[in-house]
Structure formats: structure tokens, C-alpha cells
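S.K.: turn this into a model:
(chains A and B)
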Amino acid sequence: MAYSEDHIALAAEYALGTLDADERALVETMLIVDPGFLALVEAWEHKLAPLHQMVSSVEPPADLWDRIKTTIALSAEQTPVVLPDDKSEEAPVHAIDPVTLEMTSALNVSSGPDATSVAPEGMAPAEQIAPVVAAAAKPSSGTGARIFGTAMSTAAIVLAGVIGLQIYRPAALPAALRIKPEIRTVEIKTPPPPVAAQWVAALQSDARDPGFVLTVDAASRRYTVRRIGPPPAAGKSYELWIVPGKFGEPHSVGVIDSEFTASDGLAGYDADTVNNSIYAVTVEARGGSPSGKPTAQPLWAGKLYESVPSH
Amino acid sequence: MLTPAQLVWLLASVARGDQAAFEALYEATRAKLFGVVLRIVREQTLAETVLQEAYVKIWNSAGQYSPGEASPLAWMVAIVRNRAIDVVRKRADLSLEEAATFEAASDTPTPLARREMTEELKALLECVGGLEPDRQKLVLLAYYNGWSREQLAAKFDTQLGNVKTWLRSSLLDIRSCLGLA
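M.R.: All right, here's what the predicted structure looks like:
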């Protein structure tokens, strides 16, 4: 599809790295739902990448390789542990790798930078680049750059981790105190037509594993979920939870087993709550958690973003 | 440094789960990629974590690499830069007073001798060189140091809105110069 200059500039700024955290998360959501936009971003990433040739190499510490090897081995071992009980041929449900989680959490609590202590050697003032630029030869026609989704991930993983703690904590409110929203779930045979004023969230465990795309109509707060991954295992259901604010209690907003699910499950929440909550999906017993509380760690999570950035 | 063809071969082996190939790939690329991360993250421990995560991602997604579309190193650089920038953006959101420390880092790398540059780099630098001197610096500082618009506005002592406008027009100029779709 043809992209507007706004989209092209957004893709370019993502690749250049100048967007703020929210804008990056928005772009990363778009990368998942729009392969054409992904191609655009990657074309920019690969066009800019030759600049790395002017960066001085710096040796990482010797033990880093061992740490990488350990992480890889751990994630490989982790996989069977988190698979759902499922003897069918379905593709496995990917869970969040606890090692990665730990790592990303550690990143987030790191103290501020010490900009002066590690400046790589051999830097020169920017002005020195000018003669080089002037002297540069005629460009050859560039190779067709493109695709690869780097994106996503840290945000969603950290989000999912945070929810994991909140959703799963033992001190959750007694079921009696919780109001389970009424859910009407209808199957839609074809994808819903695109509508204006939409909010969208990719619920994912990492960049390559968007499990669900959640769309919420801003006015009616009717939501639609498209399941991208495999259907739930036999005897299991996917349940969608809204986790309001930072420390909110998760509330079920419906079971989302169908490939497309549309529901009014968010109608009881005000617009602010809907827009500022985290959404998470857990695997529950068929029909949803009987207690109205999640019984498992969320496997996918995400935040809503306006589907078209405002300027 | 291995040739691009050798790196492509290694990545293909890594995609099949070949750990020895992954180690060879790491040996060949770790210092370059760490240099890229360190310029952006500017903190040793954090940079190590970013590099570690990036290599885990390279291991997991080597199968996605497609030789026709980017050089292996360009593909890997995009992975580490994205990881590094995600990390510094989240950190910056927590404490924007970081701005005070920017001055120490307001430079771009040493120019290479022309004979050491690839054709792709020469083409790109020619397009960057077509921009106003200030815009050249803006784009290169953004790329090398991973600075946000806010940080660039502080460095250039101007409004955020100006930085947005300059970045947009610079990138669109580079795009037409490179003949990007």
C-alpha cells in the first residue's frame, strides 16, 4: 500500500531512533499488524546501518559470551516447562521466558548513565565529518534493503512481567468482592470492517509472537479481538483481562477463543480506564476462570494505542 | 572481520541451531556491535546487558534474516540499536534531568578513509552531505548517540517543534536522494 509522508517520516524516525518510548511502542504495534509498514521501517534501518562503519569497535568483557550461552541454553530448556497440557498437534503456546524477564526488569531499575566514563575512544567533533561527506564518491544504486522485524519486545515483556506479578499475587481480593462484568460474545464470520477512532493493542509475549490484536472503538468501547496464534488447547480457553492503572486488580472482560471475538465487555468502564489499562490474556479452564480471577500467568499482554498517530 | 558472504553463511548455520557457528558469529561481530551499543547506552553494565539480549535475539531470529535485503551486519546492527534505544528511552522517561550530561557526549565518530568505506556508506554520506550542516549533525548525532528529539533540542538549543520539523525534512530529503520507495 502507499504510505503517507507522515507514515514514512514516522518509520524513518523510528529507524533513526529519535522517537520517545510511547511513540516507539506505537510503531512496534504497527509493525505487528502491518507488514508493509514493517518493510518500510526495515528499509530505513538497513539504509542507515552502514553508518556503523565509522563507530570504533570496543571489546565486550570476556564473560559476556558465557552469559549469552547460558541464556540461550536456559530459554531452550524453559520451553517445555511452560507448554500447556496439550497432546494435540497444535503449535505450542509460547510463554514469557523468565530469564528474559529478569534481565529486562534489571534494566529498568538500572541507575542513570555515566556519560563520561565510557565514551569510546577515537571520537572526533561532528564537524570533521563534513570533508568526508564532501569527498564521498557518487552513490551506486543501493541494494534493496528491507525486512526484518527487530522491534517490539522489551516493552511488552516488561508489561507482561508487571502484570504477571499483579495478576498472580496471592493477596488478590476475594472473589465475592469482585464484580464479574456481563459478557456477550458473538462470533463474527468475517473480519470486521475498519472503523474510525480506534484504539489498538497487540497482545504479545515478544515481537514474533503477537497472540492477539485488540481493537477498541473509542466511542462505544466495544472491542474486537483477533486471535493470531493457535486456538486454545482442548479443555482450555483464552481469557482477556483488563488491568486498570498501575496496581489495579485484573477484571475479566471475556473469553476470546474464536478467531474473531466482538464484545461489549468493556462498556462498563469509562474511556480513561479503557485507554490507560493494560490488557492481558491467560489460559484458563474451558469457559474461563471459574473464580473470576486469573489462575495462571498471562502469556500475552499489551497497551492500547491510537491506531493513527496524532501530530 | 569476516566478509559479508562468510557472515551470511554463519547466520544460515545459526538459523539451524548451530552453536559453533553462533560462537564464530559472536567472535566476528561482538566488538563492532558493542561499540554501537556503548555509544548509545553509555554505561558499561547496561551496555553489556543490551548486547547480551541482542545476541539472544539474533540467535532466536537468525532464520528471519534474508541475504537479499540487507547485509548481515546491517541486520544485526538494526537489532542492537533498537534494543539499545528502547532501553535508553525507557530510562529517559524516568529521569529527564539526564539532559545535563549530554554535553560530554556531543560528538560523532572519526571519519573513515574513503577506501575503507563501502559503496552503501558513500551513497548515504553523499545524501547526508547534501543537507544543511546543522541538519547533518542532527541526523548523525541521532544515529550514533541514539538521542531523542528532546535531547537534540537541548543540544541545538531550540524548540522541540523545530527539531521535529528538521528531522522530518532531513529524512525525507535523504529518502529522495537515496531513491527509497
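S.K.: mean confidence score for stretch A:298-311?
M.R.: Predicted confidence along stretch A:298-311 averages 67 (mean pLDDT).
S.K.: hmm, who's touching the helix or strand hosting residue A:7?
M.R.: Using DSSP states H and E, the element containing residue A:7 is helix A:5-16. Residues outside helix A:5-16 that contact it (CB atoms under 8 Å, 6 or more residues apart in numbering or on different chains): A:3, A:19, A:23-24, A:27, A:37, A:40-41, A:44-45, A:47-48, A:309, A:311, B:78, B:139, B:142-143, B:167-168, B:171-172, B:174-175. (Glycine included, C-beta is placed from N, CA and C.)
S.K.: just checking, what packs against the helix or strand following that helix?
M.R.: Once helix A:5-16 ends, the next helix or strand along the chain (criterion: DSSP H and E) is helix A:21-33. Contact analysis of helix A:21-33 by 3 or more CB pairs under 8 Å, 6 or more residues apart in numbering or on different chains; DSSP states H and E lists helix A:5-16, helix A:35-48, helix A:154-168, strand A:198-204, strand A:210-217, strand A:305-306, helix B:72-94 as its packing neighbours.
S.K.: buried subset of the contacts of helix A:5-16, written for ChimeraX?
M.R.: Selection of the buried residues among these in ChimeraX, burial being defined by 16 or more other CB atoms under 10 Å in any protein chain shown:
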select /A:19,23,24,27,37,40,41,44,45,47,48 /B:78,139,142,143,167,168,171,174,175
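S.K.: of the helices and strands packed on helix A:21-33, which is nearest residue B:156?
M.R.: Counting by CB to CB, residue B:156 lies closest to helix A:5-16 out of those; the figure is 15.3 Å.
S.K.: may I see the buried residues of that closest one?
M.R.: Burial within helix A:5-16, assessed by neighbour count using 16+ other CB under 10 Å, is assigned to A:7, A:8, A:9, A:10, A:11, A:12, A:13, A:14, A:15, A:16.
S.K.: what is the least confident helix or strand in chain A?
M.R.: Every helix and strand of chain A was ranked by mean pLDDT, DSSP states H and E. The lowest is helix A:98-108, at a mean of 36.
S.K.: returning to that earlier point: out of the helices and strands packed on helix A:21-33, which is closest to residue A:252?
M.R.: When those are ranked by proximity to residue A:252, the top entry is helix A:154-168, at 11.0 Å, counting by CB to CB.
S.K.: rounded mean pLDDT for that closest one, please.
M.R.: Taken as a whole, helix A:154-168 carries a mean pLDDT of 45.
S.K.: what number of residues lie near residue 73?
M.R.: You didn't pick a chain, so chain A it is. Other residues within reach of residue A:73, judged by other CB atoms under 10 Å in any protein chain shown, total 12.
S.K.: you looked at the wrong chain, it should be chain B
M.R.: Burial measure for residue B:73: 21 neighbouring residues, criterion other CB under 10 Å.
S.K.: quick one: contacts for it?
M.R.: By CB under 8 Å, 6+ apart, the contact list for residue B:73 reads A:49, A:52, B:4, B:7, B:29, B:32.
S.K.: rank the buried residues of helix A:5-16 by pLDDT and give me only the lowest.
M.R.: Lowest model confidence among these falls on residue A:7, which carries 89.
S.K.: give me the angle between the host helix or strand of residue A:224 and strand A:198-204.
M.R.: Counting by DSSP H and E, the element that carries residue A:224 is strand A:223-227. For strand A:223-227 and strand A:198-204, the angle between their directions (axes from the mean of the first three to the mean of the last three CA atoms, to 10 degrees) works out to 30 degrees.
S.K.: what strands flank strand A:223-227, and is each parallel or antiparallel?
M.R.: Take DSSP bridges as the rule and strand A:223-227 pairs in its sheet with strand A:210-217 (antiparallel), strand A:260-263 (antiparallel).
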